[in-house]
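Engineer: Show me how the following folds:
(chains A, B, C and D)
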Protein chains: 2
Amino acid sequence: MSEACRHDHGSPHGIHGTELAAALGAAEARCAAEQERLTPPRRRVLELLLGAEGPLKAYDLIAAYGDAGEPAKPPTVYRALEFLERLGFAHRIESLNAYVPCRMEAERHSAAFLICDCCGAAKEFEPDFSSQLTAAASAGYAVRSVTLEARGLCGECQGG
Amino acid sequence: MSEACRHDHGSPHGIHGTELAAALGAAEARCAAEQERLTPPRRRVLELLLGAEGPLKAYDLIAAYGDAGEPAKPPTVYRALEFLERLGFAHRIESLNAYVPCRMEAERHSAAFLICDCCGAAKEFEPDFSSQLTAAASAGYAVRSVTLEARGLCGECQGG
DNA sequence: TGCGAGGTGTTATGAAATAACATAACGGGC
DNA sequence: GCCCGTTATGTTATTTCATAACACCTCGCA
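Structural biologist: Numbering: from 1, shown residues only, chains lettered A, B, ... in the order given. A predicted model of the protein is given here:
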């Protein structure tokens, strides 16, 4: 992380086992409902994101892709990420060049993150953009999507 | 831009001549007041940003840097950008990998942009982050900086 | 069964950013 | 003035991030 510190950074949990299977199943179901296909590469990338401890870089995914350690080719992963973002299953965190699975209920929503500069955790939260949307409207803009990234320190990393 | 369209994209204005000189002078003054130095590379990069029609990529700056067409070396420009961001003279737009000069009054503020996917304009506006900061505080985060990027269409590009 | 749309595999390349190290300019204390 | 620590610059090379381009495949459907 961009900041040296002495903490024990307890892992922000990935999901595994039954829970992971359930999440993948739910994704499968949502795809079916929307006439989209959760193909093997897409499913694999989503699986890796869901199992991860925190935001993953594209090349982390590329390296981790193969079952026996063989990496994927970059376009394979970038295409899968594009799909997952489009469906709302994952978000890109611009300021980290990294990706996280979506943890929220709502589908295809705007994304907002609290990013800890110390431990690297990225916590998604439900933003209220009404004030910013009002400002945008009065400037004549038609807003399609909004992303917000707040950098700082999480509770655990503030202690010292 | 990421979206084909038929508009005549009138130029979002860079500043030039006297106005540019005044802006650089003001920057010089603020540096002096803060024991910082607006060295030649920093001044040159700021000048390029202020004169530009819209967001500039780092490699646009690198290419445009030399008076007679010789490019700068990447670290020259990246260091200058880092300085300009630190002092609040410029902002990075994460979702574009591009930079704009700061158009606001306040110093070292958080940044918020309305980005037109059609003409590429990036309009800075004064955000009200109180609701998001409340949410962050209740999650235990100590926020240092916030960036918001809203993508959509500007007034001119909505017409058709 | 032939066609079109969407998806994948593969090679290669392009774009964005930084590491590492040498050199130079500046400012304060003596 | 001169030394010295600090800050900034110059330069080479490399790393990291992302996409172009094209061949092939596969599924639904006329």
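
Engineer: Can I get the lowest-mean-pLDDT helix or strand in chain A in CSV? Just the C-alpha atoms.
Structural biologist: Within chain A, judged by mean pLDDT, DSSP states H and E, the helix or strand with the poorest mean is helix A:155-158; its value is a mean of 90. As requested, the backbone C-alpha atoms of helix A:155-158 are provided in CSV (Å, rounded to 0.1, in the frame of the first residue of the first chain):
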residue,chain,number,x,y,z
GLY,A,155,-10.9,2.3,11.4
GLU,A,156,-8.2,-0.4,12.1
CYS,A,157,-5.4,1.6,10.5
GLN,A,158,-6.1,4.8,12.4
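
Engineer: and it, does that touch chain B?
Structural biologist: Yes: for a cut-off given as C-beta under 8 Å from any C-beta of the partner chain, helix A:155-158 has contacts with chain B, namely A:155, A:158. From N, CA and C alone the C-beta is placed, and that goes for glycine too.

Engineer: what comes up buried for that helix?
Structural biologist: Going by neighbour count (16 or more other C-beta atoms under 10 Å in any protein chain shown), the buried part of helix A:155-158 is A:156, A:157.

Engineer: so residue A:115 sits in a helix?
Structural biologist: No: assigned with DSSP: H, G, I helix; E, B strand; the rest coil, residue A:115 falls outside any helix and is strand.

Engineer: Near DNA strand C, which residues of chain A are found?
Structural biologist: Chain A has residues A:36-37, A:39-42, A:73-76, A:79-80, A:83 near DNA strand C, with proximity defined as C-beta under 7 Å from any atom of the strand.

Engineer: ok, and the most crowded of those?
Structural biologist: Ranked by neighbour count under the definition other C-beta atoms under 10 Å in any protein chain shown, the residues of chain A next to DNA strand C are headed by residue A:80 with 27 neighbours.

Engineer: For that one, which residues are in contact?
Structural biologist: Residues counted as contacts of residue A:80 (C-beta atoms under 8 Å, 6 or more residues apart in numbering or on different chains) are A:41, A:42, A:44, A:45, A:46.

Engineer: Doesn't the last one belong to a helix?
Structural biologist: Which is residue A:46. Yes: assignment of residue A:46 by three-state DSSP places it within a helix.

Engineer: Residue A:31 reaches residue A:87, doesn't it?
Structural biologist: Yes: distance between residue A:31 and residue A:87: 7.0 Å, which falls inside the contact criterion (C-beta atoms under 8 Å).

Engineer: overlap in contacts of the two?
Structural biologist: Between them, residue A:31 and residue A:87 share no contacting residue under C-beta under 8 Å, 6+ apart.

Engineer: In chain A, where is pLDDT below threshold?
Structural biologist: Applying pLDDT under 70 to chain A flags the ranges A:1-12, A:108, A:160.

Engineer: Point me to the residue sitting farthest from the middle of it.
Structural biologist: For chain A, the largest distance from the centre (C-alpha atoms, centre = their mean) belongs to residue A:138, which lies 31.0 Å off.

Engineer: Phi first, then psi, for that one.
Structural biologist: Backbone torsions of residue A:138, given as degrees, to the nearest 10, read phi -70, psi -20.

Engineer: residues contacting it?
Structural biologist: The neighbours of residue A:138, taking C-beta under 8 Å, 6+ apart as the test, come to nothing; the list is empty.

Engineer: which bits of chain A sit near chain B?
Structural biologist: Checking chain A against chain B by C-beta under 8 Å from any C-beta, the hits are A:94-95, A:112, A:114, A:116-117, A:123, A:125-128, A:130-133, A:135-136, A:139-155, A:158.

Engineer: Contacting DNA strand D as well, which ones from the residues of chain A next to DNA strand C?
Structural biologist: Among the residues of chain A next to DNA strand C, DNA strand D is touched by A:74, A:75 when using C-beta under 7 Å from any atom of the strand.

Engineer: Mind putting the residues of chain A next to DNA strand C into TSV with secondary structure?
Structural biologist: Formatted as TSV, the entries for the residues of chain A next to DNA strand C read as follows, by three-state DSSP:
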residue	secondary structure
A:36	coil
A:37	coil
A:39	coil
A:40	helix
A:41	helix
A:42	helix
A:73	coil
A:74	helix
A:75	helix
A:76	helix
A:79	helix
A:80	helix
A:83	helix
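
Engineer: so which of the residues of chain A next to DNA strand C comes closest to DNA strand C?
Structural biologist: Distance from DNA strand C was checked for each of these by C-beta to the nearest atom of the strand. The minimum falls on residue A:39, at 2.9 Å.

Engineer: What separation do you get for residue A:98 and residue A:69?
Structural biologist: Spatial separation of residue A:98 from residue A:69 under the definition C-beta to C-beta, to the nearest Å is 22 Å.

Engineer: list the contacts for the residue in chain A positioned nearest to DNA strand D?
Structural biologist: In chain A, no residue comes nearer to DNA strand D than residue A:74, which is 3.6 Å away by C-beta to the nearest atom of the strand. Going by C-beta under 8 Å, 6+ apart, residue A:74 touches A:58, A:59, A:62.
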